[in-house]
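Trainee: Give me the fold of what follows.
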Amino acid sequence: MAAGSIANAVTMAQKIAPGKIIEVETENLEEVTMAVHAGADIIMLDNFSYEDMSTAVSSFKGQVKFEASGNMDKERLLRVAQTGVDFVSIGALTKHVQAIDLSLRVIQE
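Mentor: Numbers count the residues shown, from 1 in each chain. Just a heads-up that it's a prediction; the model follows:
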């Protein structure tokens, strides 16, 4: 942690970008609690179990927004949504995209 703590990171971000939304990526419930108390606006729940997602949301619903992230696929998506998170990140939408070779020709007459 370059800032030394979640609280320091949130404070620094608020000073650097006043009025901007601050999102903190967390890896466990202890970090969620720290991020809430630090004043984060959105908390990313990275690779959380369904149980821990539900616990985080029920503990702090209304105080912050929650984003679920990590190993997301269509099978997992519904169950994650049922935990009450506000947002879901799906990296596979951009990680596994294959480009197509497309050209457009305009002919003037």
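
Trainee: Now Leu66: phi and psi?
Mentor: Quick fix: residue 66 is Phe, not Leu. Here is the backbone geometry of Phe66 (degrees, to the nearest 10): phi -120, psi 140.

Trainee: my guess is Val32 is in a helix, correct?
Mentor: Yes. Read with DSSP: H, G, I helix; E, B strand; the rest coil, Val32 is one of the residues of a helix.

Trainee: Tell me which strands the helix or strand containing Val24 pairs with, and in which orientation.
Mentor: Secondary structure assignment for Val24, by DSSP states H and E: strand 23-26. Counting by DSSP bridges, the strands paired with strand 23-26 are strand 42-46 (parallel).

Trainee: Mind listing residues that contact the strand it pairs with?
Mentor: Residues outside strand 42-46 that contact it (C-beta atoms under 8 Å, 6 or more residues apart in numbering) are 21-27, 32, 35-36, 52-53, 56, 60, 64-70, 85-87, 89. Where C-beta positions appear, they are placed from N, C-alpha and C, glycine not excepted.

Trainee: host element of Gly84?
Mentor: Using DSSP H and E, no helix or strand contains Gly84.

Trainee: Roughly how far does it sit from Ser103?
Mentor: 46 Å (C-beta to C-beta, to the nearest Å).

Trainee: what does Ala38 give?
Mentor: With C-beta to C-beta as the criterion, Ala38 and Ser103 are 50 Å apart.

Trainee: what about the two, which has more around it?
Mentor: The residue with more neighbours, out of Ala38 and Ser103, is Ala38; 18 against 4, by other C-beta atoms under 10 Å.

Trainee: Ramachandran angles for that one?
Mentor: Residue torsions, per degrees, to the nearest 10, at Ala38 are phi -80, psi -20.

Trainee: Correct me if wrong: it contacts Thr11.
Mentor: Yes. The pair Ala38 / Thr11 is scored as a contact, 7.2 Å apart, by C-beta atoms under 8 Å.
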